[in-house]
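**Student:** Pasted the sequence and its predicted model underneath.
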Amino acid sequence: MKQFRNNVIRAGLGALYVTGAHVLLRPIFSGVGAIFMLHHVRPRREAAFQPNRHLEVTPEFLRAMLSHLRSEAIDIVTMDEVHRRLTERDFSRRFACFTLDDGYRDNRDFALPLMREFDAPLTVYVVSDFAEGTGRLWWIVLETVIARASSIEANIGGAPVRLDTSTPQAKQAAFDRLHDWLRALPGEQDKRREIAALCARHGVEETAICRELCMSWDELKPFADDPLVTIGAHSITHCNLARQSEEIATHEMAVGRARIEAVLQRPVVHLAYPYGDKPAAAAREFALARASGYRTAVTTRPGMVFPESAGHLTALPRVSLNGNYQDARILPVLTSGAATAMWNGFRRIDAA
């Protein structure tokens, strides 16, 4: 099903490009700018089983986007500047802002050198437990477990289930089923319990994966000192905030920021909601982010930034640079706003 959806999206992006519809829609839906969302930036991996491929783009694709933006005379700005332009209603030039979630080491090793080539700033949203080396990147842990196994046993819906994982296709099907099941569990403790059980059965150490992939505090300090880098907050644990009590959600927002500020000795005023889709961030979370003192907060809801976004600074949409669609032809489609407009039913604002 997910592969079918990916194929439909890819075909839709291609159709917008080939027909030139994005050119016609640009004046209506390009807005005043775009906030681009990335996670990993690193060379392409050749493994047949890569269920999290959508979370990574190659340096070459990122360079192509940066070149496209420069060729269109679109300003590449910081989140502070996004906030200024919206609050001061300075829409004389279109802008783009690059944001990267979680705090992966490849952001330093591959993304930052590219951004320097273009004198382009970037914002990295850090999960404080990931920087501590104690975090659990359960979606990558799940990929690791399935990659090693020829079959997986899990207790889904109260019943033991054995899933074939002997081929890349079977591994992908098992990942999709287990991923959806884990995200649907009622609490973070339920998810942690099930992931821990899978790791114990298959000899995978959760926190070792975190330490392998994410920048430590000692690495974040010099990274944050680069004038192109802004550090934002991404909670303590990367939990679904909407499923937490108001007290816990507020704690995740406030303490995640406080930890970063204590280590880096600078204010943190920008937030990215973990997962960031409607089931993970909605009206309550937007209000909590405002009450917690964040100037901006970004979701994963697709969309361009419009003048009306000034009234929804803690519910800002983003445009995903998705690893499944790394075709330079679609870059003008993404910056035109045509793709996100079609996805959103041609609404300019989706902040409910």
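**Tutor:** That came through, no problem. Numbers count the residues shown, from 1 in each chain.
**Student:** only C-alpha atoms for contact and neighbour calcs from this point on.
**Tutor:** Will do.
**Student:** can you list contacts of stretch 32-49?
**Tutor:** By CA atoms under 8 Å, 6 or more residues apart in numbering, the residues outside stretch 32-49 that reach it are 55-59, 62, 91, 93-102, 104, 106-107, 110-111, 147, 168-169, 171-172, 300, 303-307, 317-322, 335.
**Student:** Narrow those to just the buried residues.
**Tutor:** Buried by 16 or more other CA atoms under 10 Å: 55-59, 62, 94-102, 104, 106-107, 110-111, 147, 168, 171-172, 300, 303-307, 317-322, 335, out of the contacts of stretch 32-49.
**Student:** Quick check: which ranges of this structure have low pLDDT?
**Tutor:** Low-confidence segments of the chain (pLDDT under 70): 1, 4.
**Student:** Could you tell me which of the contacts of stretch 32-49 belong to strands?
**Tutor:** Taking DSSP state E as the definition of strands, the contacts of stretch 32-49 contribute 56-57, 95-102, 300, 317-320.
**Student:** For Leu182, see how far away Arg162 is.
**Tutor:** From Arg162 across to Leu182, the span is 16 Å (CA to CA, to the nearest Å).
**Student:** who has more neighbours, these two?
**Tutor:** Taking neighbours as other CA atoms under 10 Å, Arg162 and Leu182 compare with Leu182 leading, 21 against 12.
**Student:** on contacts alone, who are the packing partners of the helix or strand harbouring that one?
**Tutor:** Under the criterion DSSP states H and E, the helix or strand holding Leu182 is helix 168-184. Packing partners of helix 168-184 (3 or more CA pairs under 8 Å, 6 or more residues apart in numbering; DSSP states H and E): helix 138-148, strand 159-164, helix 188-202.
**Student:** Pick the most buried one from the ones you listed.
**Tutor:** Comparing the helices and strands packed on helix 168-184 by mean neighbour count (mean count of other CA atoms under 10 Å), helix 138-148 ranks first with a mean of 20.
**Student:** Any chance you could list what contacts that helix?
**Tutor:** 49-52, 152, 165, 171, 174-175, 179, 195, 198-199, 202, 204, 206, 209.
**Student:** Just the buried ones from the residues you listed?
**Tutor:** 49-51, 152, 165, 171, 174-175, 179, 195, 198-199, 204, 206, 209.
**Student:** Please list all residues in contact with Lys278.
**Tutor:** Lys278 neighbours (CA under 8 Å, 6+ apart): Arg301.
**Student:** what about it, is that helix, strand or coil?
**Tutor:** coil (DSSP: H, G, I helix; E, B strand; the rest coil).
**Student:** please renumber so the chain begins at 345
**Tutor:** Happy to do that; since the first residue is 345 now, the last one works out to Lys622.
**Student:** can you give me phi and psi for it?
**Tutor:** Per-residue torsions, Lys622: phi -60, psi -40 (degrees, to the nearest 10).
**Student:** any idea how far Leu360 is from it?
**Tutor:** 26 Å.
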